[in-house]
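J.: Just need the structure, nothing else, for what follows:
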Amino acid sequence: MKLLQLKSISLSFLVLPLAVYAQPYAYVANVSGSNVTVVNTLTNARTALISVPNGPVSLDATATELYVACRDVNVVAAVNTTSRVVVASIKMPSGPQRVKVRPHSSEVYVSLPSTNQIAVINTASKSVVKLITVGTKPMNIAFNSNGTHAYVANMYSGNVSVIDTATHAVVQTFRSALGANGIALSPDNTTVYVANQYANTVTIHQAATGALLHSVRGFSAPNSLSVSPAGDRIYVTNGNAGTMSVINPRTASIIGHVPVGSMPMSVDSSLTRAYVANENGYSLTVIDTVNSSVVSTIEKVGVNPVQVVVP
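T.: Numbers count the residues shown, from 1 in each chain. Just a heads-up that it's a prediction; the model follows:
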C-alpha cells in the first residue's frame, strides 16, 4: 500500500507543473495586417490571429488582457486573452504609439507622439483618466519594478521624462541623445538604458539622478532594447543593419551581433530566448541567448510586424 501511495503522490506532483506552465505565448503586432499574431513559444509556431482595429503598432499584456495601440484609428484596443476578442476600444486624443502596463496597478500608459503626451488608462473603467505632458515625440515607456515611476523616451527632444505614477506628474527630465526611442531599466532599478536611434548610441544612466554613466557606440539606428531577466545582457535591435546587438552592461561594451531579418523594430526577452520582430522581413526571429544563435525564424508571422511582447 505504501508503494502505491508513493506512486500516486509522485504522479500528481509531476502533472501539476505541466498544467501550470502549459501554452506560453508571444504576441506580435502587425501594423499593416490589422491583427495580432499569437506564437506558441514552446513550438515556435503561429497558433492564432487576433483581429484588432487598423494600425496596431504596439501592445502589452496583463494577466488576462492585451492592450493594443491602433494608431490609424486613435484607439487602444483591450483584448481578452482567453477569448481573443476585443472587449473595449478606448478612444485616444491622438494616434497612440506605445502602450505599457504599469506593474502592480490598474493602469496602462500610452505615448501620444503628435501631442507630446502620455495617456493613462484605467483598466477597470477602460477610460483615459489622465493626460501628462512630456518631451517632444514620446515613444517607448518603461517602469521600475514596483511601478512607482515611469520613464518616457522622447525622440525629438532627445531626453527622458520621469513620471511619479502616484501623482501623474513629471518629476525629472534628463538628457540622453537624439532619437531616444527604446528604453528599459535594470532588474534592480538602479540603471536606465536608452536606445538613441538618430545618434546611433545606447546611453546608460543612473536611475536616481539621470546622470550619464556610459555612451555605447557601434549601432545602426537602434530603435528597441530589452534587458535580460538576470540583468547581465542588453539586447538592441539595429533597424538599418538587420541585426541584434548584445551589450555586456558590466563593461558597457558590445560583445556580439546576431543577424535577424529586414528592418528589426522590436525585441523582447525571456530567460533563454530573445524574440525580434522584423517589419520588412514579415518575420519573427527567435534567438538562444545562451550562445547568441538563431534557433528559429518564423516566416510570414504577419504583415509588417513591428512589436513583439513575451509576457
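J.: Tell me which other helices or strands the strand or helix carrying residue 223 touches.
T.: Mapping residue 223 onto the secondary structure by DSSP states H and E places it in strand 222-227. Contacts defined by 3 or more CB pairs under 8 Å, 6 or more residues apart in numbering; DSSP states H and E place strand 222-227 against strand 180-185, strand 191-196, strand 201-206, strand 234-238, strand 264-269. Backbone N, C-alpha and C define where each C-beta goes, glycine included.
J.: got those as JSON lines, with distance to residue 214, mean pLDDT and mean neighbour count columns?
T.: Formatted as JSON lines, the helices and strands packed on strand 222-227 follow (distance: least, CB to CB, whole Å; pLDDT from 0 to 100; neighbours: other CB atoms under 10 Å):
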{"stretch": "strand 180-185", "distance to residue 214": "15", "mean pLDDT": "98", "mean neighbour count": "25"}
{"stretch": "strand 191-196", "distance to residue 214": "10", "mean pLDDT": "99", "mean neighbour count": "27"}
{"stretch": "strand 201-206", "distance to residue 214": "4", "mean pLDDT": "98", "mean neighbour count": "22"}
{"stretch": "strand 234-238", "distance to residue 214": "11", "mean pLDDT": "98", "mean neighbour count": "26"}
{"stretch": "strand 264-269", "distance to residue 214": "20", "mean pLDDT": "98", "mean neighbour count": "26"}
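J.: Tell me which of those strands sits nearest to residue 31.
T.: strand 264-269 (9.1 Å; CB to CB).
J.: Could you report the separation of the closest residue to residue 24 other than its chain neighbours from residue 271?
T.: Of all residues not flanking residue 24 in the chain, residue 41 sits nearest, at 4.7 Å (CB to CB, 6 or more residues apart in numbering). The gap separating residue 41 from residue 271 is 11 Å, by CB to CB, to the nearest Å.
J.: neighbour count winner among these two?
T.: residue 41 (15 against 9; other CB atoms under 10 Å).
J.: surely that one meets residue 273?
T.: Yes. Contact between residue 41 and residue 273 holds when scored by CB atoms under 8 Å: they sit 7.1 Å apart.
J.: thinking again about what came up before, so what are the sheet partners of the strand holding residue 223 and their directions?
T.: strand 234-238 (antiparallel) (DSSP bridges).
J.: tilt between the partner strand and strand 191-196?
T.: 10 degrees (axes from the mean of the first three to the mean of the last three CA atoms, to 10 degrees).
J.: going forward, begin numbering at 85 instead of 1
T.: Right, with 85 as the first residue, what we last looked at is strand 318-322.
J.: so how far is the helix or strand following strand 318-322 off the chain centroid?
T.: Downstream of strand 318-322, the next assigned helix or strand under DSSP H and E is strand 327-332. Put simply, strand 327-332 sits 16 Å off its chain's centre (CA atoms, centre = their mean, to the nearest Å).
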